[in-house]
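**Student:** sequence below, structure please.
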Amino acid sequence: MHFDFWILNSRMIPFNKPFIIGKELEYIRQAVESGKISGDGLFTKKCQDYFCARSGFKKTLLTTSCTDALEMSALLLNIKDGDEVIIPSFTYVSTATAFVLRGAHIVFADIDPETLNIDASGIEKLITSKTKAIVVVHYAGVACKMDEIIAIAKKNKIFLIEDAALSIGAYYKNKALGSFGQLATYSFHETKNIIAGEGGALIINDGSFSDRAEVIREKGTNRSKFFRGEVDKYNWVDIGSSFLPSEIIAAFLYAQLEHIDQILEKRINIWDRYFAELSELEQKNKIRLPRIPEYASKNGQLFYILCKDLDERDRLIDFLSEEKIKAVFHYLPLHQSPYYKNKHDGRILPVTCDISGRLLRLPLFYTLEEKEQNLIVEVIYDFYKK
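**Tutor:** Residues are numbered from 1 along each chain as shown. Sure, this is the predicted structure:
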């Protein structure tokens, strides 16, 4: 090992590290001094306007999390007992629980082995008279096959929701992810490209949902219309919950958005370096690297490798940990989870099970230094030499 290896290895390289890039603390101070930090203030509006202007969304509403935005989606679609919602099993639990909370039965789909996104070719056979919606997840910020999926949704007259939690700054055929479904959701969790600690957004591309979304977000009241002077008092008019984030979250988020291109460029450079440096291992059939289809872009959200099998993946995690490098696996199949395995219809989802056991995510964050990344790559090569 090189001398600088031992200097670096005196401290752990984390999987993720939050960062400040601009005026986050200054904007938080401004929000506090404005006398309004409860939400829907200046910075909330700046963030919402930013997304609509940059990505062409019809309406954007900040939420306290992507989970909340998904729960709002379920409320807006009037999901009820007996409705079926199709989602990939390879996703975070929030994609499912938002609809389960409203009584939906989740119909799990397998994934495409190339992109790890929902297998578009298998969706239509899962649709029944009870199907209310399809929820697609753009894994690692790589677009699903949206033309095919949109055609299926239109043909069967069902709603399309994009869980775009990992997708800020990513595109399908030069159109921003989050702009295809009637509704879509973003996440600003500290592990995402653009962060606010927690925080999310509901993207509304079908204007018929706009007014009711404001009501649901404000605990079922028409409070937003009251503050715009559209009604003389506000009242309880629908179901809803407290989905509105504070101005402190919005202030931090807006400072990040001011540097979004810089952040994306840095993360994509890190992604590209991993890909280039690890390509030799793929050529030797030791690992498999991510695939970016021609119709998609990459946004540097995460970088993964696929090991030979579960045992090799877990041994590599341990090997990296011994060298003070934190690498992690990702989603466990939801259809096999303790909560849902007895509710699943028994279909085998072979790609989901295979990928889940072999996938390993490497550290990728804005302040990751090149020498740290070189160390990570070196340790992976050492593992496969042994």
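**Student:** when you work out contacts or count neighbours from here on, use the C-alpha atoms and nothing else.
**Tutor:** Noted.
**Student:** identify the residues contacting residue 331.
**Tutor:** 90-92, 356 (CA atoms under 8 Å, 6 or more residues apart in numbering).
**Student:** where does residue 286 fall, secondary structure wise?
**Tutor:** Per DSSP states H and E: residue 286 is located in neither a helix nor a strand.
**Student:** just to check, it is in contact with residue 309?
**Tutor:** No. With contact defined as CA atoms under 8 Å, residue 286 does not reach residue 309; the gap is 10.7 Å.
**Student:** look up how far residue 257 lies from residue 291.
**Tutor:** Applying CA to CA, to the nearest Å, the value for residue 291 to residue 257 is 27 Å.
**Student:** and those two? which has more neighbours close in?
**Tutor:** Between residue 291 and residue 257, residue 257 has the larger neighbour count (other CA atoms under 10 Å), namely 20 against 13.
**Student:** is the closest residue to the more buried one other than its chain neighbours in a helix, a strand, or coil?
**Tutor:** Distances taken as CA to CA, 6 or more residues apart in numbering put residue 194 closest to residue 257, at 7.0 Å, once the chain neighbours are dropped. Using DSSP: H, G, I helix; E, B strand; the rest coil, the secondary structure recorded for residue 194 is coil.
**Student:** how near is residue 194 to residue 180?
**Tutor:** 21 Å.
**Student:** more crowded one of these two?
**Tutor:** Set residue 194 next to residue 180 and count neighbours by other CA under 10 Å: residue 194 wins out with 27 against 21.
**Student:** does that one touch residue 254 like I think?
**Tutor:** No. Using CA under 8 Å, residue 194 is not in contact with residue 254; the gap is 9.5 Å.
**Student:** most neighbours of all the contacts of residue 331, which one?
**Tutor:** The most crowded member of the contacts of residue 331, judged by other CA under 10 Å, is residue 90 (28 neighbours).
**Student:** model confidence score at that one, please.
**Tutor:** For residue 90, the pLDDT comes out at 98.
**Student:** wasn't residue 305 part of a strand?
**Tutor:** Yes. Counting by three-state DSSP, residue 305 is found in a strand.
**Student:** burial of it, as a residue count?
**Tutor:** 20.
**Student:** do the same with residue 174
**Tutor:** Residue 174: 10 surrounding residues under other CA under 10 Å.
**Student:** do the same with the one 4 residues further on
**Tutor:** One way to gauge burial is a neighbour count; for residue 178, by other CA under 10 Å, it gives 30.
**Student:** that's a helix at it, yeah?
**Tutor:** No. Counting by three-state DSSP, residue 178 is located in no helix; its state is coil.
**Student:** what ranges do the strands span in the stretch 151-300 of the chain?
**Tutor:** Here the stretch 151-300 of the chain has its strands, by DSSP state E, counting those that start in this stretch, at 159-163, 171-172, 175-176, 183-187, 200-204.
**Student:** identify whichever of those strands lies nearest to residue 297.
**Tutor:** Evaluated over the strands of the stretch 151-300 of the chain, closeness to residue 297 peaks at strand 171-172, with 5.5 Å, by CA to CA.
**Student:** which residues touch the closest one?
**Tutor:** Contacts for strand 171-172 (CA under 8 Å, 6+ apart): 142-144, 146, 177, 295-298.
**Student:** among those residues, name the buried ones.
**Tutor:** 142-144, 146, 177, 296-298 (16 or more other CA atoms under 10 Å).
**Student:** so who does the residue nearest to residue 257 touch?
**Tutor:** Applying CA under 8 Å, 6+ apart, we find residue 194 in contact with 168, 188, 253, 256-257, 260, 263.
**Student:** right, and residue 67 touches residue 101 too?
**Tutor:** No. Here residue 67 does not reach residue 101: they are 11.7 Å apart, not a contact under CA under 8 Å.
**Student:** circling back to that earlier point, from the contacts of residue 331, which two are the most distant?
**Tutor:** Pairwise distances across the contacts of residue 331 (CA to CA) peak at 12.0 Å, for the pair 92 and 356.
**Student:** check contacts around the residue nearest the centre of the chain.
**Tutor:** Residue closest to the average C-alpha location in the chain (CA atoms, centre = their mean): residue 165, at 2.0 Å. The contact partners of residue 165, by CA under 8 Å, 6+ apart, come to 66, 137-138, 185-188.
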